[in-house]
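Colleague: This is a predicted model, with the sequence first.
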2 protein chains.
Amino acid sequence: MVLLSGGLDSATCLALVSRWGWTVHALSFDYGQRHRVELSAARALARKYRVASHRVIAIPSLGALGGSALTDRAIRVPKKALEKARIPVTYVPARNTLFLAFALGVAESNGATEIVIGANALDYSGYPDCRPAFLEAFERVAKLGTKAGAEGGSFAIRAPLLDMSKADIVRLALALGLETGLTTSCYDPGKGGRPCGSCDSCLLRAKGFREAGEVDR
Amino acid sequence: MVLLSGGLDSATCLALVSRWGWTVHALSFDYGQRHRVELSAARALARKYRVASHRVIAIPSLGALGGSALTDRAIRVPKKALEKARIPVTYVPARNTLFLAFALGVAESNGATEIVIGANALDYSGYPDCRPAFLEAFERVAKLGTKAGAEGGSFAIRAPLLDMSKADIVRLALALGLETGLTTSCYDPGKGGRPCGSCDSCLLRAKGFREAGEVDR
């Protein structure tokens, strides 16, 4: 069960897992993100990798929680400068907890036992829910809070990109033959989904390609 | 932040917490449950206890997970006999994980640091996500997976009814002056929300009142 946002990281996870010979399910979320174009990217990637199923879960209420520049249009997406020291305003309260909770429900329903998430603790050090200790804690919740877990099964939360730099991820994606042009990273895309080029996510992506010595096409 | 289903247990939690002098927020979920009448009960209780806010979060996708008699009308709600040894078919995959994840997001958004859930490990021993170890594991997720937690705060998951029998809960509810008639417990209500009287939840409730020597009105 791959959490597939449509961004570079989750697409790389999908490309990676699809090499492992498992039955792959993909799961995306429509939570009113201003970068909804990523859902089109997710659909294209799911088709490309011929996943067994691709479910887009609507979470209309996530945006209503407020407090994040990603869902609240009253909050500006910061531009032009990567801010790494503090928790970014693009943080969405409890987002990964929610996404993993949904993934767990879907996984339990269709018998999947591995949940793959493109979380990254290096470049997203400002997001608490991208850190290893969080993912381990959630794995325990998954084991204890499900019928499958109670009956002796377990759920692994896998974050294969956890310790990679964006340049490492770019290198891995290209090595796996991922068409990175199918992915989208921008937090604040313009018309037709054009990346703004100056939000944190665009800047990180550009830095990754630059450091990997590759061109983002 | 009280998780308020509209049932006896969560209503008792609300009655209890409203005595503590805190600012109380209530949170309910509309997940396509066949016993949607409980949402009307939740609204009535929220009004009665004059909560600071009552939010009903729509989770249209939870029912689509399938696998539970509570959301899938193709699965019959068992009647007439309490089955305690196995995990009931009314189990909804990862439901409490999801509910707590939403509660965490809302709590973080509005500054609440205590999440109160009417989970009960005694009568609901078949539900893995009603057990103490699960709730402790989720508390760790809440601490590690949020901005507030990362900045030194924490979230307590409180389950004041965890070790109580249904009779204990009835006694507590009545001692707190809860109008139990405002609550609804039936998993499979008939027209106008009339309890069926024979599902697990109705049987448990009746047993609780009987053992407490009280009348359910």
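Modeller: In hand now; what should we look at? Residues are numbered from 1 along each chain as shown, chains lettered A, B, ... in the order given.

Colleague: which secondary element of chain A has the worst mean pLDDT?
Modeller: Lowest by mean pLDDT, DSSP states H and E among the helices and strands of chain A is helix A:60-64, with a mean of 69.

Colleague: how many neighbours does A:Thr146 have?
Modeller: Using other Cβ atoms under 10 Å in any protein chain shown as the criterion, A:Thr146 is surrounded by 27 other residues. For the C-beta atoms, the positions are set from N, CA and C on the backbone; glycine is no exception.

Colleague: Show me where chain A has its strands.
Modeller: Counting by DSSP state E, one finds strands in chain A at the ranges A:2-3, A:25-30, A:53-58, A:114-116, A:156-158.

Colleague: Might you calculate how far the third one sits from the centre of the chain?
Modeller: I take that to be strand A:53-58. 14 Å (Cα atoms, centre = their mean, to the nearest Å).

Colleague: residues in contact with that strand?
Modeller: By Cβ atoms under 8 Å, 6 or more residues apart in numbering or on different chains, the residues outside strand A:53-58 that reach it are A:4, A:25-31, A:39, A:42-43, A:46, A:102, A:106, A:110, B:60-61.

Colleague: and the gap between the residue in chain A sticking out farthest from the centre and A:Ile117?
Modeller: In chain A, the residue that sits farthest from the middle, by Cα atoms, centre = their mean, is A:Glu151; the gap is 29.5 Å. According to Cβ to Cβ, to the nearest Å, A:Glu151 and A:Ile117 sit 24 Å apart.

Colleague: which residues touch the closest residue in space to A:Phe155 that isn't next to it in sequence?
Modeller: If you skip the residues right next to it in sequence, A:Phe155 has A:Ala142 as its closest partner in space, 3.9 Å away by Cβ to Cβ, 6 or more residues apart in numbering or on different chains. For A:Ala142, the contact set (Cβ under 8 Å, 6+ apart) comprises A:Leu100, A:Leu104, A:Ile115, A:Gly149, A:Ser154, A:Phe155, A:Ile157, B:Ala94, B:Thr97.

Colleague: Looking at the fifth one now. What's its pLDDT?
Modeller: By that I understand A:Ser154. pLDDT for A:Ser154: 84.

Colleague: Number of residues surrounding it?
Modeller: Under the criterion other Cβ under 10 Å, the count of neighbours that A:Ser154 has is 13.

Colleague: Identify the residues contacting it.
Modeller: With contacts defined as Cβ under 8 Å, 6+ apart, the neighbours of A:Ser154 are A:Thr113, A:Glu139, A:Ala142, A:Lys143, A:Ala148.

Colleague: now do the third one
Modeller: A:Ile115 makes contact with A:Met1, A:Leu3, A:Leu100, A:Ala103, A:Leu104, A:Ala107, A:Ala142, A:Phe155, A:Ala156, A:Ile157, A:Arg158, according to Cβ under 8 Å, 6+ apart.

Colleague: does it have beta-bridge partners, and which?
Modeller: On the basis of DSSP bridges, A:Ile115 is bridged to A:Ile157.

Colleague: State the distance from it to chain B.
Modeller: Per Cβ to the nearest Cβ, to the nearest Å, A:Ile115 is found 11 Å from chain B.

Colleague: Would you state the helices of chain A in chain order?
Modeller: Chain-ordered helices for chain A, with DSSP state H as the definition, fall at A:8-17, A:37-48, A:60-64, A:95-110, A:132-144, A:147-150, A:166-175, A:200-212.

Colleague: picking up where we left off before, what's the most distant pair in the contacts of A:Ser154?
Modeller: Farthest-apart pair in the contacts of A:Ser154 is A:Glu139 and A:Ala148; separation 13.1 Å (Cβ to Cβ).

Colleague: Find residues that contact each of these two.
Modeller: Residues touching both A:Glu139 and A:Ala148 comprise A:Ser154, A:Phe155, with contact defined as Cβ under 8 Å, 6+ apart.

Colleague: A:Ala150 touches B:Pro128, doesn't it?
Modeller: Yes: under the criterion of Cβ atoms under 8 Å, A:Ala150 makes contact with B:Pro128 at 3.8 Å.

Colleague: So between the two, which is more surrounded?
Modeller: Looking at A:Ala150 and B:Pro128 with other Cβ under 10 Å, you find the greater number of neighbours at B:Pro128, namely 23 against 18.

Colleague: which residues does the more buried one contact?
Modeller: A:Leu144, A:Gly145, A:Thr146, A:Lys147, A:Gly149, A:Ala150, B:Ile87, B:Phe134.

Colleague: List the buried residues in stretch A:28-45.
Modeller: By neighbour count, and taking 16 or more other Cβ atoms under 10 Å in any protein chain shown as the criterion, the buried residues in stretch A:28-45 are A:28-35, A:37-39, A:41-45.

Colleague: do the same with stretch A:116-129
Modeller: So stretch A:116-129, judged by 16+ other Cβ under 10 Å, has buried residues A:Val116, A:Ile117, A:Gly118, A:Ala119, A:Asn120, A:Ala121, A:Asp123, A:Tyr124, A:Gly126, A:Tyr127, A:Pro128, A:Asp129.

Colleague: Contacts only, for the first one.
Modeller: For A:Val116, the contact set (Cβ under 8 Å, 6+ apart) comprises A:Met1, A:Val2, A:Leu3, A:Cys13, A:Val17, A:Arg158, A:Ala159, A:Pro160.

Colleague: Go again with 7 Å.
Modeller: Counting by Cβ atoms under 7 Å, 6 or more residues apart in numbering or on different chains, A:Val116 makes contact with A:Met1, A:Val2, A:Leu3, A:Cys13, A:Val17, A:Arg158, A:Pro160.
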